[in-house]
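*Asks:* build me a model from this:
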Amino acid sequence: VIAALQDCNSSASQFIVSILQSQQYNGHHVVQDLLTCCDEIFNAFIHHPSHQAGALQCTNQVMRELYIQEIKSISSEEAGWHFGPSHATTDQVKDFDIEEMGIQIQTCTPALWDLLRFLLGTDS
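*Replies:* So this is what the prediction gives:
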């Protein structure tokens, strides 16, 4: 495999990024294998002795961006949970349902929900 990549004047990272980003290979067994084994792949990066700190920093950055995207999504006016306390009516306050909000957060922002569960110690 390494020799084939060298013959094509390509790197392993170029190959992986290109097949993951190309619509043409969405259903390909190589892409499916990468997606199925992504936990093992990330774990290998994180535990690789020559790049441990860089892999952790990269992973943290990806997760921060995902959390920010999900927070923006759930707090947008379109999501229905945008709340301005200075402009809230009595009916809006009375109609507020924390359980309904929790269900929507769980459904619409799964990564954020997983983080909240972990931080609150309810991740089983």
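*Asks:* what packs against the longest helix along the chain?
*Replies:* Selection of the longest helix in the chain by residue count, based on DSSP state H, yields helix 52-74. With contacts defined as 3 or more CB pairs under 8 Å, 6 or more residues apart in numbering; DSSP states H and E, the packing partners of helix 52-74 are helix 38-47, helix 98-108, helix 110-119. Where you see a C-beta, it was placed from the backbone N, CA and C, and this is true even at glycine.
*Asks:* contacts for it?
*Replies:* Contacting residues not belonging to helix 52-74 are listed as 42, 45-46, 48, 79, 81, 104-105, 108-109, 111-112, 115 [CB atoms under 8 Å, 6 or more residues apart in numbering].
*Asks:* just checking, next helix/strand downstream of that helix?
*Replies:* Sequence order places helix 90-95 as the next helix or strand after helix 52-74, per DSSP states H and E.
*Asks:* centre of the chain versus that next one, how much separation?
*Replies:* With CA atoms, centre = their mean, to the nearest Å as the basis, helix 90-95 stands 33 Å off its chain's centre.
*Asks:* next, residue 50: phi, psi?
*Replies:* For residue 50, the backbone dihedrals are phi -90, psi 0 (criterion: degrees, to the nearest 10).
*Asks:* pLDDT value on the residue sitting furthest away from the middle of the chain, please?
*Replies:* The C-alpha centroid of the chain is most remote from residue 90, which lies 36.7 Å away (CA atoms, centre = their mean). On pLDDT, residue 90 comes in at 82.
*Asks:* mind showing which ranges of this protein have poor pLDDT?
*Replies:* 52, 81-84, 123-124 (pLDDT under 70).
*Asks:* same thing but at 80, please
*Replies:* 51-53, 55, 76-77, 79-89, 92-97, 123-124 (pLDDT under 80).
*Asks:* could you tell me how many residues sit around the nearest residue to residue 45 once chain neighbours are set aside?
*Replies:* Nearest residue to residue 45, sequence neighbours excluded (CB to CB, 6 or more residues apart in numbering): residue 55, at 4.1 Å. Number of residues near residue 55 (other CB atoms under 10 Å) recorded here: 17.
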